[in-house]
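[1] no sequence for this one, just the structure:
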Ligand SMILES: O=P(O)(O)OC[C@H]1O[C@H](O[C@H]2O[C@H](CO)[C@@H](O)[C@H](O)[C@H]2O)[C@H](O)[C@@H](O)[C@@H]1O
C-alpha cells in the first residue's frame, strides 16, 4: 500500500465510519480493462493507418490519458483531439464503418463484444471477496461505470446481485449525467443508495474516476494502481493507493453477527469462496434443512437420489463429512454413502469410513441422566397430540411441529420442568424442537476441529467449508470464522455467524455441483 499522508495510516473500512462503497467496474471488479484497451487499440490503429504521420495508439499512455474511464464517444473525441484530428460527432445510430466520433465508438464496441464473447470475463477475486465482507457488515454497494456494457459484463461474471445500485453508461445517457471526471455518477450512486458522500468511499483505477469521486465529496477515495500510476492517482485526488484491494484493512470482529438477508448468495460468489487462496476445501454438511427440506416428521426427511449422486461426486473430489443432530446410525443410513465421515448427536458421536469411532468419553457419563430425562419426557408428553420424542445416543429432541398452537406452551413447560430436574443437561432450541444434551464444552464446531486434527487437515492447506441451516450450526459457523467459511441455508432474516447464504436445499445441491465443476477445472489446470 502506498500512502499519501499519515492520516490515512490508520485507515479502516468499517461500518462505523462508512455507509457506502462505490466501485468502478473495469480494472476494479472485472479484468475487462485489458479487453477494452485491446478493442480501442485495434479500432484506433485501423483508423490511424489512414493518417500516415500518426503513431499507433499506445495502451500505456494513450489509453490511460485519453480514454480510460470515460464514456465511449468522449474517449474517441479526446484521443483524436490529442492527435489534432477533427471528425464530425455523428449520431449514436451511425454504423461502425462511418468516419464519425460515434461511428468509431460503435466500431470499438463491436470489437469489444467479440472479445467478451470469445474470452469471457475474469474478475478480481480480492474485490469480490471484499464486497462480500462489506455487505455482511451492512455497507451498501454500488457500481459506477461509464460502460454501456456494465450490466452485460456483471451478468456474464455472475456478480449482478452483489450491487444495491448501478449507475452505468446507459443511465448516464438516460438521465443526462456528465461522465467522469465530472462528479455526477458518484453523486447519483450515493443518492440511489440513500447515503451521503461524506460517509461514502469511492474505489477507482482510472485518474478520471478518482477525480470524479473526489469532486463528488466522497469521504475517502481509494485508487488501485494496476500499472505504474500511483503518482497520477494521487495527483488526481486519491487519498490512498493500493496495488490490490486484498491490501485494504477492514474491521473484522469474529463475534459479529449479521442479518442473514444481507449475506451474499454463495451461488454468486463461488469464485470468492473457492480459489481465493490455494487451499483445498474440506466440506462439512448438516443434514436436515440443508441436504433435505424440512418436512413435518423426522422420519420423512429422505435424501433425494440427485442429492446423493451430487454428494458422491463431490466426495471423490474433496473430503466430505456430515455433521448432524440426528443419531449417528440414523443419519448414516439416510445418507448411505460409504467413503465419508459422519458425526451424529450434534458431534458427540463420530464414525469414519474404515470403522473409526469416536464416542464422546465425557458424554458417556451423561447417558444415565439422558435415559431418565427421556423417560420423563415420554411420560409427560404422551397425551399431547403430535408431540414426538426422538432419542439420539447423546441428545433427546422434543418435536412440536405437529402440535396444535395452543398446546406448544404445555410442551415447553414440560421440557423446562424436566430440564430443571437435570441441570447437568443443556437445553437448546432449533426448528420446532427442544433438545436436551450433556452440558459440556462440545458442539458441531468442536467436532469439526476434532475431525480436522484426526484427518491431519492443517488449515494452512485445507479450507473448512460448513453448510447448515439451524441454531446448532451457528457453533460451526463461529468456530470456522477465522480460517473457514460458513454458508447459512435460510430464506429468513435473523442474526448469523455465516458469511454466505443459500435459500434452500435445492440451492445447496446447485452450489455443490458448481463446486464440483470448479474443482474438476482446477484439477485439470
Ligand atoms: O443437525 P441436523 O442434521 O440439521 O439435525 C437437526 C434436527 O433435525 C431433525 O429435526 C428437524 O428436521 C425435521 C425433518 O425435516 C423436522 O420435522 C423438525 O421440525 C426439525 O427440527 C431431527 O429430527 C433432529 O433430531 C435433529 O436434531
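    Nice, I can see it. A quick note: this is a predicted structure, and the numbers were derived from the prediction, not measured. Numbering: from 1, shown residues only.

[2] for residue 48, which non-adjacent residue is closest in space?
    Once flanking residues are discounted, residue 48 sits nearest to residue 54: 4.3 Å by C-beta to C-beta, 6 or more residues apart in numbering. Bear in mind the C-beta positions are built from the backbone N, C-alpha and C, glycine included.

[3] now swap in residue 13 and tell me
    Nearest to residue 13 is residue 250, by C-beta to C-beta, 6+ apart, at 4.2 Å.

[4] name the residues of the stretch 351-500 of the chain found near the ligand, please.
    By the rule C-beta under 6 Å from any ligand atom, the part of the stretch 351-500 of the chain lying against the ligand is 390, 392, 397, 399, 401, 430, 431, 432, 433, 470, 472.

[5] return the member of the residues you listed nearest to residue 443.
    Nearest to residue 443 among those: residue 472, at 6.7 Å, using C-beta to C-beta.

[6] how many neighbours does the closest one have?
    Counted with other C-beta atoms under 10 Å, residues neighbouring residue 472 total 24.

[7] residues in contact with it?
    325, 346, 428, 430, 435, 443, 444 (C-beta atoms under 8 Å, 6 or more residues apart in numbering).

[8] how about the stretch 301-450 of the chain: which residue is closest to the ligand?
    residue 325 (2.6 Å; C-beta to the nearest ligand atom).

[9] which ones among the contacts of residue 472 map onto strands?
    428, 430, 435 (DSSP state E).

[10] quick check: the last one touching residue 427?
    Yes: counting by C-beta atoms under 8 Å, residue 435 touches residue 427, with 7.2 Å between them.

[11] with neighbour numbers in mind, choose between those two.
    More crowded of residue 435 and residue 427, by other C-beta under 10 Å: residue 435, with 23 against 16.

[12] tell me the gap between stretch 88-105 and the middle of its chain.
    In terms of C-alpha atoms, centre = their mean, to the nearest Å, the centre of stretch 88-105 is found 41 Å from the chain centre.

[13] just to revisit the earlier point, ok, now which ones touch the residue nearest to residue 48?
    Residue 54 neighbours (C-beta under 8 Å, 6+ apart): 48, 83, 85.

[14] doesn't it belong to a helix?
    No: secondary structure of residue 54 (DSSP: H, G, I helix; E, B strand; the rest coil): coil, not part of a helix.

[15] tell me the pLDDT at it?
    Looking at residue 54, its pLDDT reads 87.

[16] count of residues packed around residue 345?
    Residues near residue 345, counting by other C-beta under 10 Å, number 28.

[17] leaving out the residues flanking it, which one is nearest to it?
    In space, and not counting its chain neighbours, residue 345 is closest to residue 394: 3.7 Å by C-beta to C-beta, 6+ apart.

[18] okay, now the one you found: neighbour count?
    25.

[19] that one touches residue 362, doesn't it?
    No: at 10.2 Å, residue 394 does not count as touching residue 362 under the criterion of C-beta under 8 Å.

[20] find residues that contact each of the two.
    With C-beta under 8 Å, 6+ apart as the test, residue 394 and residue 362 both reach residue 438.

[21] strands along the stretch 101-250 of the chain, start to end?
    Assigned strands in the stretch 101-250 of the chain, in chain order: 140-144, 165-167, 200-204, 220-224, 240-242 (criterion: DSSP state E, counting those that start in this stretch).

[22] so in that sheet, which strands flank the fourth one, and in what orientation?
    It stands for strand 220-224. Sheet pairing here is set by DSSP bridges, and for strand 220-224 it gives strand 200-204 (parallel), strand 240-242 (parallel).

[23] among the ones you listed, which comes closest to the ligand?
    strand 200-204 (39.1 Å).

[24] which of the residues in stretch 219-230 are buried?
    Within stretch 219-230, the residues that qualify as buried are 219, 220, 221, 222, 223, 224, 225, 226, 229, 230, counting by 16 or more other C-beta atoms under 10 Å.
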